[in-house]
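this is a predicted model, with the sequence first.
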Amino acid sequence: MRGLALLLSGLVALPALPVRAQDVPKLNLVIVEGEGAINNIKQRTAREPVVEVEDENHRPVAGAAVIFDLPSQGASGTFPGGGHSLTVMTDSQGRAVARGLRPNNVQGQYQIQVTASHNGHSTHAAINQSNALAAGATVAASAGISGKLIAVIVVAAAAAAGGAVYATHSGGGASTPPAAVTIAPGSGTVGPPR
Amino acid sequence: MARRIGLVLTVAALAAWGNAQPGQVGGPVIGYVFDGSAHAVRPVLGIPGAALFGSSVTLGYDVASASISPAGDSAVVMAADGSLHLIGLSGGAAAEISLNGAMRKPDRVVFSPSGTALALITNGRVQILSGLPATATLAATMDLGTAASTQASAQGGKRPATVFGSMALSDDGALLLFVANGTVHLAGAGGPHSFDTAGRETVVAFAPAGHDAVLATKTGVNLLRSIDSTATPEPLAPAAPLDNIAGAAFSTDGKTLFLAGGQGITAFDLSTGAPTAIVSDTIPTVLERMGGVYRLNDLGSGPLWVLDPAPGHQRVVFVPAAGGSE
């Protein structure tokens, strides 16, 4: 009886196990191309947005669904078929290209909303582009780069992230430097032959 | 053995009955099929595994081509004289249904999965009829021509001719999925929206009585529940690699997806996503619902192969070659 009481008191004394939240793998959406692009209204050409979907370990996720949404009013564009939205599945490199984007004839800035989903998880980002008449667009095109893109590259370079912009599950589009990895020597043991 | 003898006797009895009573149809009708050599629509009599072709449906004219409703209760018939007819089918008999306002020579006819709606297509122009078969009404028209815009045209190149591929219509006639120049487009109430399948040959199909749909390529099968511009594709893993996809169709209850591709047929349980390979002695060239079964080839000089979708007993059987026709 006394033993039982001790056992019970021992159980009560055990520290409570922390309740672990279910591990939810995060998706990262990387804007590879198209950020800051200035599209030529006159030629009806646009820089096709390219995004890459990665898992939380920055490995590409193939077969994820990526939906590109264009504004329905104002400066915007259309995808093949005349629609404002396009769904693309990522390839083996985790990449999705919004092919066939054509700017409309309204000048101005706009955002392409991008949503990636895979296995019940999703993430979101926005790609900033603008429509301009030929002259301005030509300058941008000849430079091959926009001011906004330069800023992105500077930030990305500073973060040593290889020029990619990471948008996390919470959205936002802020760059996230990769976690530092530390490699330390292990303690070896040498003994006589057995 | 006894079962096989039973099947043989059933076939023999049906054959004798069919020969003895030309022009009449009785008993179970599995579905209807267009017989190009007989220039006619013919019923398939019997049960899967013990069936044969019945006499031609009496229409009063030769048939140049015919598209049969998946439910087998109506058909769009192009007569040899070039006239277009919508007919109701019941018990092997046909009745003309008014087609007021419909285009006269469609290049293509697409039925919805239950045959309650129909799309007539010519040069990218679409007329949608709903309320089939009893109250066929011209419900909508649309132009698919804008789908011709391609990457080439966006880059200032010459716009190539639109090449239309697989098409599917929802049962309510509200949504049309079609493949043009390698991209899948959703037109109608939920569109316009596009699905880029990387230029691969894509087969599309709607589930009955709803807006669930499937997009299938040899590299992936994706289910879209309540398809619209925000629908997220759910990948389905086939049992074996799909070299060529001949067709896709849902079961009548929408719980199973059948996919013909590679060397055979895969049935997906849509509640779990689990694939089941169905043994087939033929390589399917189509997969289209034909009443109570799914047709796996066009009727030619050989047998007509069909998939019997009976749950738990899914199998591929054939209807013996049609031979002559009355």
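Perfect, I can see it now.

please report how far whichever residue of chain B sits closest to chain A lies from B:Leu177.
Shortest chain B-to-chain A distance, computed as C-beta to the nearest C-beta: residue-wise this is B:Pro192, at 3.3 Å. For glycine as for every other residue, the C-beta is placed from the backbone atoms N, C-alpha and C. As defined by C-beta to C-beta, to the nearest Å, B:Pro192 lies at a distance of 11 Å from B:Leu177.

list the contacts of the residue of chain B closest to chain A.
Residues touching B:Pro192, when contacts are defined by C-beta atoms under 8 Å, 6 or more residues apart in numbering or on different chains, comprise A:81-84, B:146, B:185-186.

list residues touching both of B:Pro192 and B:Leu177?
Both B:Pro192 and B:Leu177 are contacted by B:185-186, under the criterion C-beta under 8 Å, 6+ apart.

who's in contact with B:Gly220?
With C-beta under 8 Å, 6+ apart as the criterion, the residues that contact B:Gly220 are A:63, A:89, B:235.

with respect to B:Gly27, which of these is nearest?
Sorting the contacts of B:Gly220 by how near they are to B:Gly27, with C-beta to C-beta, puts B:Pro235 at the top with 43.3 Å.

tell me, how many residues neighbour A:Ser85?
The number of residues packed near A:Ser85 is 25, by other C-beta atoms under 10 Å in any protein chain shown.

so where is chain A shaky, pLDDT-wise?
When residues are selected by pLDDT under 70, those of chain A lie in A:1-25, A:134-194.

tell me the contacts of the residue nearest to B:Thr282 when sequence neighbours are not counted?
Using C-beta to C-beta, 6 or more residues apart in numbering or on different chains and skipping the chain neighbours, the partner closest in space to B:Thr282 is B:Trp305 (4.6 Å). Contact criterion C-beta under 8 Å, 6+ apart gives B:280-282, B:284, B:295-297, B:316-319 as the residues in contact with B:Trp305.

could I get the contacts of B:Pro192 as CSV with secondary structure and distance to A:Gly34?
Compiled in CSV, those are given as follows (DSSP: H, G, I helix; E, B strand; the rest coil; distance: C-beta to C-beta, whole Å):
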residue, secondary structure, distance to A:Gly34
A:Gly81, coil, 19
A:Gly82, coil, 20
A:Gly83, coil, 18
A:His84, coil, 16
B:Thr146, helix, 23
B:His185, strand, 22
B:Leu186, strand, 23
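
which PyMOL command selects the buried ones in those residues?
Selecting in PyMOL just the buried members of the contacts of B:Pro192, where the criterion is 16 or more other C-beta atoms under 10 Å in any protein chain shown, is done with this command:
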select buried, (chain A and resi 81+82+83+84) or (chain B and resi 146+185+186)
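
need the helices for the chain, in chain order.
Assuming you mean chain A. Shown for chain A, the helices assigned by DSSP state H span residues A:2-13, A:134-143, A:147-158.

my question was about chain B
Using DSSP H, the helices found in chain B span residues B:2-20, B:151-154.

worst average pLDDT in those helices?
Mean pLDDT is lowest for helix B:151-154 out of these, coming in at a mean of 43.

on that earlier part again, and the pLDDT at the residue nearest to B:Thr282?
Among the per-residue scores, B:Trp305 shows a pLDDT of 96.

same question, B:Ala174
Confidence at B:Ala174, expressed as pLDDT, is 95.

grab the nearest non-local neighbour of it.
Nearest non-adjacent residue to B:Ala174, counting by C-beta to C-beta, 6+ apart: B:Ala189, 4.3 Å away.

what residues does the stretch 201-326 of chain B have near chain A?
For the stretch 201-326 of chain B, the residues in contact with chain A (C-beta under 8 Å from any C-beta of the partner chain) are B:220, B:222, B:229-233, B:235.
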